[in-house]
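Engineer: With the sequence up front, the predicted model follows.
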There are 2 protein chains.
Amino acid sequence: MTTPRPGSRAEQRRRTEARILDAAAGVFVAAGYERATIRAVASAAGVDAGLVMHYFGSKQELYRRVIDAAPLPEVSGAPEEAVDQILATLAARLASEPTASLALLRSMLTNPEAASVASVGMARYQAQIADVIAADDASLRASIISAVILGVTVSRHLVKSDDLATADPARVISLLRPCLLALAAEGHASQ
Amino acid sequence: MTTPRPGSRAEQRRRTEARILDAAAGVFVAAGYERATIRAVASAAGVDAGLVMHYFGSKQELYRRVIDAAPLPEVSGAPEEAVDQILATLAARLASEPTASLALLRSMLTNPEAASVASVGMARYQAQIADVIAADDASLRASIISAVILGVTVSRHLVKSDDLATADPARVISLLRPCLLALAAEGHASQ
DNA sequence: GTCTATAAAGAGATAGAC
DNA sequence: GTCTATCTCTTTATAGAC
């Protein structure tokens, strides 16, 4: 992790690569994996399509590099705390446009690799949530919570056409809290 | 809407067309619009690709015919009734595989036409829900409810990798009810 | 009514020039 | 390091044979 002096070959390459990755994230978000073209990425980054291939080797690899940047949130503690953590993460995702995550979500339904990455990520997230829920159906409750977060994120950033797209994140969060608390709180484990 | 006698030209055509539509729905659900090919549809229907084009003219038109079959649920009455209606519809969608709707959902994020159809449908659904909520932020609450339903449906049928995919619909519904009631119930309109 | 053959366009990927 | 030219494959869509 050295930082070559500006102007050096390596440094320039790093910059160009970063610019391409940025552009690629944008294109993947806007178009989804299948519809995104190397050419579009290149043109958005202000370089040639051949260069993109030269750096990343394939479209799949470029895509992989983009979604590798998608962070996995951590959850732990008491149920109420966990809900607050989940909502805090969501609030951040509503406020800004989490490009890498959106690229992943957008492509999740059509690209097998995206689907598998998303699956694994969601499963891990759900497992963390399930761990803090005391009910016997904890894992189902966790799945539903995660589905709710998914639905809200997709509706706001990708489907748009929503009051959700323009709403103040704080209001969304405050409306969602009782909802998630009902799911995370043990007590009336059905049956 | 006449029903030609079996064996006639028109009747055979109708049957073949129906078989193609069926196959197409399956392919669109499994692959999404971009990845679905006319060839795959034709082969799934046991006919030639040329025949599919001959009947439907274009891939877009075939797709349109498939998603035209997706039903729009109705909601009305008191908030509690509305929630029950929403949940009843969801229960049905969890129990069976609503092919046309899934084709729409799967393609929603990559296909402009699917996106617009989905937008319109969701907006209409949200408007109905908003109508039965008395709060001043009714439309935001309705959007969130609709996002929740979207998230659960997508998680179960498309993302799969979930406890949701195998769960008993009745349990999902009973976990979701307090959640939706919290959203649909007026009372503490924030601010 | 159904299928074969083919045209036309677009994509990812490769080789090599500058 | 960056771009030009091109190959090859896949796809939709068309025209016409059976």
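Structural biologist: The structure has been received and is ready for your questions.
Engineer: how about stretch A:26-40: buried residues?
Structural biologist: Across stretch A:26-40, burial judged by 16 or more other C-beta atoms under 10 Å in any protein chain shown covers A:26-29, A:31-36, A:38, A:40. Just so you know, the C-beta spots here come from the backbone N, C-alpha and C atoms, and that holds for glycine as well.
Engineer: How about it and chain B, any contact?
Structural biologist: Yes. Counting by C-beta under 8 Å from any C-beta of the partner chain, chain B has neighbours in stretch A:26-40: A:31-35.
Engineer: just curious, which of these is nearest to A:Glu74?
Structural biologist: A:Tyr33 (27.3 Å; C-beta to C-beta).
Engineer: From the contact counts, what lies against the host helix or strand of the closest one?
Structural biologist: For A:Tyr33, the element it lies in under DSSP states H and E is helix A:9-35. Packing partners of helix A:9-35 (3 or more C-beta pairs under 8 Å, 6 or more residues apart in numbering or on different chains; DSSP states H and E): helix A:38-45, helix A:49-56, helix A:59-67, helix A:99-108, helix B:9-35.
Engineer: deepest of those, which one?
Structural biologist: The highest mean neighbour count among the helices and strands packed on helix A:9-35, using mean count of other C-beta atoms under 10 Å in any protein chain shown, belongs to helix A:99-108: a mean of 24.
Engineer: which residues sit in contact with A:Met108?
Structural biologist: Counting by C-beta atoms under 8 Å, 6 or more residues apart in numbering or on different chains, A:Met108 touches A:114-115, A:118, B:109, B:159.
Engineer: from the residues of stretch A:26-40 next to chain B, which single one is nearest B:Ile20?
Structural biologist: So of the residues of stretch A:26-40 next to chain B, ranked by how close each gets to B:Ile20 (C-beta to C-beta), first place is A:Glu34, at 22.7 Å.
Engineer: and the gap between that closest one and B:Pro71?
Structural biologist: From A:Glu34 across to B:Pro71, the span is 27 Å (C-beta to C-beta, to the nearest Å).
Engineer: mind checking pLDDT for the spatially closest residue to A:Lys59 that is not a sequence neighbour?
Structural biologist: Of all residues not flanking A:Lys59 in the chain, A:Ile38 sits nearest, at 5.9 Å (C-beta to C-beta, 6 or more residues apart in numbering or on different chains). pLDDT for A:Ile38: 98.
Engineer: For the closest residue to chain B within chain A, grab the count of nearby residues.
Structural biologist: The minimum distance from chain A to chain B, using C-beta to the nearest C-beta, falls at A:Gly151 (2.2 Å). Applying other C-beta atoms under 10 Å in any protein chain shown, we find 24 residues neighbouring A:Gly151.
Engineer: again, but for A:Ala130
Structural biologist: Using other C-beta under 10 Å, A:Ala130 has 20 other residues around it.
Engineer: same thing with A:Cys179?
Structural biologist: Quick note: A:Cys179 (other C-beta under 10 Å) scores 22 neighbours.
Engineer: same check, this time on the one 5 residues further on
Structural biologist: Neighbour count of A:Ala184, defined by other C-beta under 10 Å: 24.
Engineer: Could you check how far A:Thr153 is from DNA strand D?
Structural biologist: To DNA strand D, A:Thr153 is 30 Å away according to C-beta to the nearest atom of the strand, to the nearest Å.
Engineer: how big is the angle separating the host helix or strand of that residue from helix B:138-153?
Structural biologist: Using DSSP H and E, A:Thr153 sits within helix A:138-153. Calculated by axes from the mean of the first three to the mean of the last three C-alpha atoms, to 10 degrees, helix A:138-153 forms an angle of 130 degrees with helix B:138-153.
Engineer: Helix or strand next in line after helix A:138-153, which one?
Structural biologist: In the C-terminal direction, the helix or strand that comes right after helix A:138-153 (DSSP H and E) is helix A:169-184.
Engineer: For the spatially most central residue of chain A, which non-adjacent residue is spatially closest?
Structural biologist: By C-alpha atoms, centre = their mean, chain A has its centre lying nearest to A:Ser101, at 2.1 Å. Nearest non-adjacent residue to A:Ser101, counting by C-beta to C-beta, 6+ apart: A:Ala70, 4.6 Å away.
Engineer: you'd agree the one you found is up against A:Pro98?
Structural biologist: Yes. If you go by C-beta atoms under 8 Å, A:Ala70 and A:Pro98 touch, sitting 7.5 Å apart.
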